[in-house]
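*Asks:* Here is a sequence together with a model predicted from it:
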Amino acid sequence: MPVAVITGAASGIGAGLAREAARRGMQVVLADRDAAALAIVASEIGDNAVCVLTDVTNLAAVEELADQVYRRFGAVDLLFNNAGVMTTGLSWEIPADKWVASWQVNVDGILNGLRAFVPRMIAADRPARIINTASVGGFLPSPLMAPYSATKFAAVALTEALAGELKMMGSKIEVSLLAPGPVKSRIFRETPPEAAQPFHDMLTSMLDENGLEPDAFAARVFDAIERGEYWIIPQPEAFDDGFAARNESITKRLPPQFYGAEGN
């Protein structure tokens, strides 16, 4: 039975990916630091789910996750480095600890997954795939969510570098960059500062009205994996026009334009 390891699996996108992996006949290893929520997702999946309490910001914890997976199953077919957090506010007012936490989860969380799993996956010398979760926000930056935009841009760059390195080595490991648009999740559960409240409310409303349910989103992701896609952009309607406009504005050396900025 193929094995999928998913970080940030206790809710939202991660939980949807876990349920879809199980529906497609995979053994699923659920990793998150929220034990209670993790247990709920595992109960939904049943016997094909294993929970490993994991803080992705702690390399030793992710190494222990990898050790447990390889001791029990001997291989990994899909590794989803998916854990993520969002912080909103004015970039210079967001507390330093929240900037650090954003970096530690959204970037170091991926890097720790690579450090713990890639050497084992290379040694196994068998086909596998690593899927790193960035965001449409990793291509289209936004005011009032600078830590999220900055860390997701970093995730895009890290993933492209990883793909190039594995290709240079002739590795059998493939790589995908997952860039979600609006997906219904708990990512906006943090109470925003006053300056960001209208923006936060707008994003929450957008999710309620236009966000995909995690399971519907996950089905699109797995279809893209089956097609062997590097760029997994399941909601092109939230990406293509904005990305084309951004590229054109950079080529023409125009100043950036942002939806929601300056009262627009």
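*Replies:* It's in.
*Asks:* what about the stretch 151-264 of the chain, any weak spots by pLDDT?
*Replies:* Low-confidence segments of the stretch 151-264 of the chain (pLDDT under 70): 186-190, 192, 195-196, 199-203, 205-206, 208, 259-264.
*Asks:* Now do the buried residues in stretch 31-50.
*Replies:* Buried residues in stretch 31-50, counted by 16 or more other CB atoms under 10 Å: 31, 32, 33, 37, 38, 41, 42, 45, 48, 49, 50. Quick note: C-beta positions are derived from backbone N, CA and C, even for glycine.
*Asks:* actually stretch 69-81, sorry about that
*Replies:* Buried residues in stretch 69-81, counted by 16+ other CB under 10 Å: 69, 70, 73, 76, 77, 78, 79, 80, 81.
*Asks:* residues contacting the fifth one?
*Replies:* Applying CB atoms under 8 Å, 6 or more residues apart in numbering, we find residue 77 in contact with 2, 3, 4, 26, 127, 128, 129.
*Asks:* If you rank these by neighbours, which is first?
*Replies:* Ranked by the number of neighbours (other CB atoms under 10 Å), the contacts of residue 77 place residue 4 first, at 26 neighbours.
*Asks:* and residue 197, how many neighbours?
*Replies:* The local packing count at residue 197 equals 14, with neighbours defined by other CB under 10 Å.
*Asks:* likewise residue 244?
*Replies:* Here the count is done by other CB under 10 Å, and residue 244 has 10 residues near it.
*Asks:* Over to residue 168?
*Replies:* Using other CB under 10 Å: residue 168 sits among 8 other residues.
*Asks:* Where does residue 67 fall, secondary structure wise?
*Replies:* Under the criterion of DSSP states H and E, residue 67 resides in helix 59-73.
*Asks:* Return the subset of the buried residues of stretch 31-50 lying in strands.
*Replies:* Judged by DSSP state E, the buried residues of stretch 31-50 include 31, 32, 49, 50 as members of strands.
*Asks:* returning to what we had before: taking the buried residues of stretch 69-81, tell me the two that lie furthest apart.
*Replies:* When CB to CB is used, the two most widely separated members of those are 73 and 81, lying 17.9 Å apart.
*Asks:* returning to that earlier point: counting contacts, what elements does the helix or strand following the helix holding residue 67 pack onto?
*Replies:* Downstream of helix 59-73, the first helix or strand assigned by DSSP H and E is strand 78-81. Where contact means 3 or more CB pairs under 8 Å, 6 or more residues apart in numbering; DSSP states H and E, strand 78-81 is packed against strand 3-7, helix 12-23, helix 109-124, strand 128-133.
*Asks:* Next secondary structure element downstream of strand 78-81?
*Replies:* Later in the chain than strand 78-81, the nearest helix or strand by DSSP H and E is helix 96-103.
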